[in-house]
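Asks: got a sequence here, can you model it:
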Amino acid sequence: MAVQKLPIAKAINESLRTALDNDPKVLVMGEDVGKLGGVFRVTDGLQKDFGEDRVIDTPLAESGIVGTAIGLALRGYRPVVEIQFDGFVFPAYDQIVTQLAKMHARALGKVKVPVVVRIPYGGGIGAVEHHSESPEALFAHVAGLKVVTPSNSSDAYWMLQQAIQSDDPVIFFEPKRRYWDKGEVDTDAVPGDLHKAVVAKEGTDLTLVAYGPMVKVCLEAAAAAQEEGKSLEVLDLRSISPMDFDAVQKSVEKTRRLVVVHEAPVFLGSGAELAARITERCFYHLEAPVLRVGGYHAPYPPARLEDEYLPGLDRVLDAVDRSLAY
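Replies: Numbering: from 1, shown residues only. Reported below is the predicted structural model:
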């Protein structure tokens with residue numbers, strides 16, 4: 001059994017290395033992914049080991065990166081493209097939404113476009129404007145795209161493997177402030193379904209649902225609540241589109257209360273869809289309204305103010321108290 005303790009960034013590096021090793025059609029492309037190894041060093045050493053034809057330094061042109069990847073995918077390759085920061089993806093948004101997401105349906109299923117778009121996302125690193133956003137809902141709204149995000153090293157390794165092997169285009173959001181959080185990775189394991197949620201902590205009094213960077217915050221909230229005699233269940237959603245409503249429903253039917261947590265603004269966020277679906281499905285089980293904790297409907301603030309903007313332990317525990325008070 002090959003079990004290692006790796007930071008999330010290193011787990012992604014190992015996953016890319018495995019994919020490049022196993023399939024000569026897998027390519028890694030992006031700004032500074034080769035010689036530099038990426039701004040977060042996630043692709044460090046890959047170009048040296050696999051060459052400039054497999055790990056490709058591209059021009060600073062996101063639309064060109066994704067457009068080229070689409071062409072390569074149509075020719076039988078499996079490109080994995082990196083968008084350097086979340087806020088830089090929008091020049092490529094047209095390619096992703098009008099081409100990548102629609103080609104399979106447009107061709108009546110005869111054409112496959114197996115492109116993975118890796119996007120480091122979220123705040124908490126003290127960065128400047130356009131470097132700390134959470135645009136996942138903009139992609140989850142688009143039919144034809146799969147949208148996933150790991151919260152730990154094991155999921156980072158295995159979910160990226162599954163995304164690369166998928167014949168569908170996958171937007172792979174990486175929680176950049178968790179890049180150096182360590183966790184165990186078993187490279188001989190049999191991974192679960194890419195789009196299934198996972199219970200990160202069992203509980204009976206209330207369900208906390210989160211994904212990506214907020215799973216750790218919710219686990220900390222559950223630990224703090226436990227000291228006061230409250231039992232919180234934490235569900236790691238993992239996949240934002242498709243969303244595992246069945247897993248959330250099962251948990252909520254047990255706990256009868258739900259708080260959804262994400263970094264992205266609450267207004268029209270993925271938590272809104274989850275709240276609506278669970279209200280429809282579990283109306284007679286719920287003992288309190290579904291509550292949401294997230295970012296504010298405002299441009300991401302300067303770094304010195306991001307602690308006030310980002311949902312933290314206090315805001316999650318406040319929502320838990322409000323829910324339990326009903």
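Asks: what are the buried residues along the longest helix along the chain?
Replies: Secondary structure of the chain read by DSSP state H shows that its longest helix is helix 8-22. By neighbour count, with 16 or more other C-beta atoms under 10 Å as the criterion, the buried positions of helix 8-22 are 8-20. Every residue, glycine included, has its C-beta placed from N, CA and C.
Asks: same check on stretch 188-198?
Replies: Residues 194-195, 197-198 are the ones in stretch 188-198 that count as buried (16+ other C-beta under 10 Å).
Asks: ok, now stretch 265-285?
Replies: Neighbour-count burial for stretch 265-285 flags 265-266, 269-275, 278, 281-282 (criterion: 16+ other C-beta under 10 Å).
Asks: how many residues are close by the residue lying closest to residue 170 once chain neighbours are set aside?
Replies: Nearest residue to residue 170, sequence neighbours excluded (C-beta to C-beta, 6 or more residues apart in numbering): residue 163, at 4.0 Å. Neighbour count for residue 163, taken as other C-beta atoms under 10 Å: 25.
Asks: please apply the same query to residue 148.
Replies: 26.
Asks: correct me, but residue 67 touches residue 100?
Replies: No - with contact defined as C-beta atoms under 8 Å, residue 67 does not reach residue 100; the gap is 9.1 Å.
Asks: give me the phi and psi angles of residue 147.
Replies: Dihedral pair for residue 147: phi -130, psi 120, per degrees, to the nearest 10.
Asks: helices and strands around whichever strand or helix holds residue 161, which ones?
Replies: Using DSSP states H and E, residue 161 maps to helix 153-165. Packing contacts for helix 153-165, counted by 3 or more C-beta pairs under 8 Å, 6 or more residues apart in numbering; DSSP states H and E, involve strand 3-7, helix 8-22, strand 116-121, strand 146-148, strand 170-175, strand 182-186.
Asks: could I get those as JSON lines with distance to residue 55 and mean pLDDT?
Replies: Output for the helices and strands packed on helix 153-165, formatted as JSON lines (distance: least, C-beta to C-beta, whole Å; pLDDT from 0 to 100):
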{"stretch": "strand 3-7", "distance to residue 55": "20", "mean pLDDT": "95"}
{"stretch": "helix 8-22", "distance to residue 55": "8", "mean pLDDT": "98"}
{"stretch": "strand 116-121", "distance to residue 55": "13", "mean pLDDT": "98"}
{"stretch": "strand 146-148", "distance to residue 55": "22", "mean pLDDT": "98"}
{"stretch": "strand 170-175", "distance to residue 55": "17", "mean pLDDT": "98"}
{"stretch": "strand 182-186", "distance to residue 55": "21", "mean pLDDT": "96"}
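Asks: now distance to residue 251 too, for the ones you listed, in a markdown table please.
Replies: Shown next, in a markdown table, are the helices and strands packed on helix 153-165 (distance: least, C-beta to C-beta, whole Å):
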| stretch | distance to residue 251 |
| --- | --- |
| strand 3-7 | 28 |
| helix 8-22 | 25 |
| strand 116-121 | 25 |
| strand 146-148 | 20 |
| strand 170-175 | 22 |
| strand 182-186 | 23 |
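Asks: please flag which of the buried residues of stretch 265-285 sit within strands.
Replies: In strands, judged by DSSP state E, the following of these are found: residue 265.
Asks: can you redo the buried residues of stretch 265-285 as CSV with distance to residue 153 and pLDDT?
Replies: As requested, those are arranged in CSV below (distance: C-beta to C-beta, whole Å; pLDDT from 0 to 100):
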residue, distance to residue 153, pLDDT
265, 28, 96
266, 29, 97
269, 26, 96
270, 23, 97
271, 25, 97
272, 30, 97
273, 28, 97
274, 25, 98
275, 30, 98
278, 29, 98
281, 32, 97
282, 32, 96
